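# After the sequence you'll find the predicted model.
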Amino acid sequence: MIITCPQCKKQHHIDEKAIPANVKKARCKSCGASFLLAGPAPESAVEQPVASVKDGGPRRISVSLSKGGVGKTTTAVNLAVGLALAGFKVLLVDTDTQGQSSYMLGVTPKAGLTELVMGELRPEEAMIQVRDRLWLLAGGKSLAGVKRLIGRKDFGGELTLAESLTGLDAVFDYVVVDTSPGWDPLTVNILFYVSEILTPVSLEVMSIQGLMEFLKSIASIQKYRPQVALKYILPTFLDMRVKKSVGILERLQELYGNNVCAPIRYNVRLSEAPAYGQSIYEFAPGSPGASDYRELVRKVAGNPKLFR
Ligand SMILES: Nc1ncnc2c1ncn2[C@@H]1O[C@H](COP(=O)(O)OP(=O)(O)OP(=O)(O)O)[C@@H](O)[C@H]1O
Ligand SMILES: [Mg+2]
C-alpha cells in the first residue's frame, strides 16, 4: 500500500501486512511528522447498494369490481404470472379474505399481508417468492384483523395499506392487487394505494349495471385521490354462441372505446387450473385462456411483441 505523509506529501510504499493491528500512528521517515493512519472511510462515503428503483416507482394495478365471480382472482393471478414470465419483477397482493391467490398458485403461506400491515413481520418475511420474478403477499381470513385496525383509527385509516406497501414496493416493476367482491374499508384502502384499476366485466346480463355502480364508487374516491383511474375494462366469460354476450361486448366497446381490452373467452381450462395450483400458462399453455391472458399482458405492458 501507499501512505502519503500529510505534512511533506512524500509517498511511502509499505507492506500492509507488516503493520501490527494495534498501531494507529505512523512517523514520516523524511520529515519526521507523526500522523494517524487512516481508518475505514466514514459511512456516508461508503457506496451504498442501490435497489433497482425506477423513476416514479412501480405500476400499481388493482383488479377490482364490487360484483362477485367475474374473474378477478383468475385475472390478477394470470396477469401477475404473465408479467413475470415477460421478464418483469412483480408483487401480487391478495386483499381478499378468501385467500384464493395462494390456492391458485399452489402455495400455502404461513403469513402475508395481515402480518405486514400489523407490523408483526418485516416485508421480506411476510412475502414469499412463488415463481421466478414473482412474489406474493397472501390474503386470507386474518385480513379481518386489518379491517378492524382500519376501523379503529381516528383518522387516516384509508391510508393504512398505502403506508405499509409504499416504499417496499419500489423494487418491483408491477404490483397487482386482487380484491374481494363488495365494497368495504379495505377496498377504499386499495384505491388509496393503486393508480390504475382493471375491471373484469363478465359478459352476462346486469354486468354493465354493476360496472356503472362501481364507477360511481370510484368517482367518490377520485374526489380525494384524482390520480386513481379506471384504466382497463376486461370483458370475461365471452361465449360467441351466446347472443347477449356479444351484445354486451359491443355495448362496452361503444361506451369505453380503447379502455376495453380484448376479451377473455369462456375456457374450461381456466376453471381447472387452480385445482393444480398452476397458472394457465403452466396448466394449458396452448389453450384459448392462455392465449387471451397473454394478450392482456401485452396490452398492460404496452408491448405487442411480448411472447411472440
Ligand atoms: N374465462 C373463464 N372461463 C371459465 N371459467 C372461468 C373463467 N374465468 C374464471 N373462471 C372460473 O370462474 C370462477 C370465478 O372466477 P374468479 O374466482 O376468478 O372470480 P372472482 O371475481 O375473483 O370471484 P370473487 O368475487 O368470489 O372473488 C372460478 O371458478 C374460475 O376458475
Ligand atoms: Mg376472487
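Now that the structure is in, tell me what you want to look at. All of these numbers come straight from a predicted model, not from anything done at the bench. Residues are numbered from 1 along each chain as shown. Ligands and ions are numbered 1, 2, ... in the order given.
# Let me see the ranges of the strands in the protein.
2-4, 11-13, 25-27, 34-36, 59-63, 90-94, 128-131, 134-137, 174-178, 196-202, 229-236 (DSSP state E).
# other SSEs contacting the last one?
To tie it back to what came earlier, the one meant is strand 229-236. helix 72-85, strand 196-202, helix 207-222, helix 243-256, helix 288-301 (3 or more CB pairs under 8 Å, 6 or more residues apart in numbering; DSSP states H and E). Placement of C-beta: from N, CA and C, glycine included.
# which stretch among the ones you listed comes nearest ligand 1?
Closest to ligand 1 of the helices and strands packed on strand 229-236 is helix 72-85 (CB to the nearest ligand atom; 3.3 Å).
# gap between the residue nearest to Ala138 when sequence neighbours are not counted and Ser207?
The shortest distance from Ala138 to any non-neighbouring residue, by CB to CB, 6 or more residues apart in numbering, is to Gly112 (3.1 Å). As judged by CB to CB, to the nearest Å, Gly112 and Ser207 stand 30 Å apart.
# Ala18 too?
81 Å.
# Give me the more crowded residue out of these two.
Legend: neighbour count by other CB atoms under 10 Å for Ala18 and Ser207, higher for Ser207 (22 against 6).
# Contact partners for that one?
Neighbouring residues of Ser207 by CB atoms under 8 Å, 6 or more residues apart in numbering: Lys67, Val70, Val201, Ile248.
# what's the answer for Tyr174, then?
Pro58, Arg59, Arg60, Ile61, Ala80, Leu83, Phe88, Lys89, Val90, Leu91.
# Just grab the bridge partners of it for me.
Using DSSP bridges, the bridge partners assigned to Tyr174 are Arg59, Val90.
# Show me which residues of the protein sit near ligand 1.
Taking CB under 6 Å from any ligand atom as the criterion, the chain approaches ligand 1 at residues 68-74, 96, 98, 180-181, 236-237, 264, 266-268, 270-271, 274.
# And for Lys216, the neighbour number?
9.
# Tell me how this structure divides into domains.
2-37, 59-301 (automatic domain parsing).
# Mean neighbour count, those domains: which tops it?
The highest average neighbour count among the domains of the chain, using mean count of other CB atoms under 10 Å, belongs to domain 59-301 at a mean of 19.
# about what we covered before: among the residues of the chain next to ligand 1, name the ones in helices.
Lys72, Thr73, Thr74, Val268, Leu270, Ser271 (DSSP state H).
# What about ligand 2: which of those residues touch it?
Lys72, Thr73 (CB under 5 Å from the ion).
# can you tell me which two in the ones in helices among the residues of the chain next to ligand 1 are farthest apart?
Lys72 and Val268 (18.7 Å; CB to CB).
# Where does the prediction get shaky in the protein?
1-2, 6-7, 9, 16-17, 21-24, 36-55 (pLDDT under 70).
# Find the residue at the geometric middle of the chain.
Val175 (1.6 Å; CA atoms, centre = their mean).
# Was I right to think that one contacts Ile61?
Yes. Under the criterion of CB atoms under 8 Å, Val175 makes contact with Ile61 at 7.1 Å.
# which residues are in contact with both of the two?
Joint contacts of Val175 and Ile61 (CB under 8 Å, 6+ apart) are Val194.
# Make sure Arg133 is actually in contact with Ala84.
Yes. Arg133 is within contact range of Ala84, at 4.2 Å (criterion: CB under 8 Å).
# if we can go back for a sec, ok, now which ones touch the residue nearest to the centre of the chain?
Contacts for Val175 (CB under 8 Å, 6+ apart) come out as Pro58, Arg59, Arg60, Ile61, Val90, Leu91, Leu92, Val93, Leu165, Asp169, Val194.
# can you do 10 Å?
Contact partners of Val175, counting by CB atoms under 10 Å, 6 or more residues apart in numbering, are 57-62, 80, 90-93, 135, 137, 165-166, 168-169, 193-194.
# how about the nearest residue to Arg294, chain neighbours excluded?
Phe307 (4.9 Å).
# OK, contacts around that neighbour?
Phe307 touches Gly82, Leu85, Ala86, Tyr281, Ala290, Ser291, Arg294, Glu295, Val297, Arg298, counting by CB under 10 Å, 6+ apart.
# picking up where we left off before, format the helices and strands packed on strand 229-236 as JSON lines; extra columns: distance to Phe35.
Below are those laid out as JSON lines (distance: least, CB to CB, whole Å):
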{"stretch": "helix 72-85", "distance to Phe35": "55"}
{"stretch": "strand 196-202", "distance to Phe35": "60"}
{"stretch": "helix 207-222", "distance to Phe35": "64"}
{"stretch": "helix 243-256", "distance to Phe35": "74"}
{"stretch": "helix 288-301", "distance to Phe35": "58"}
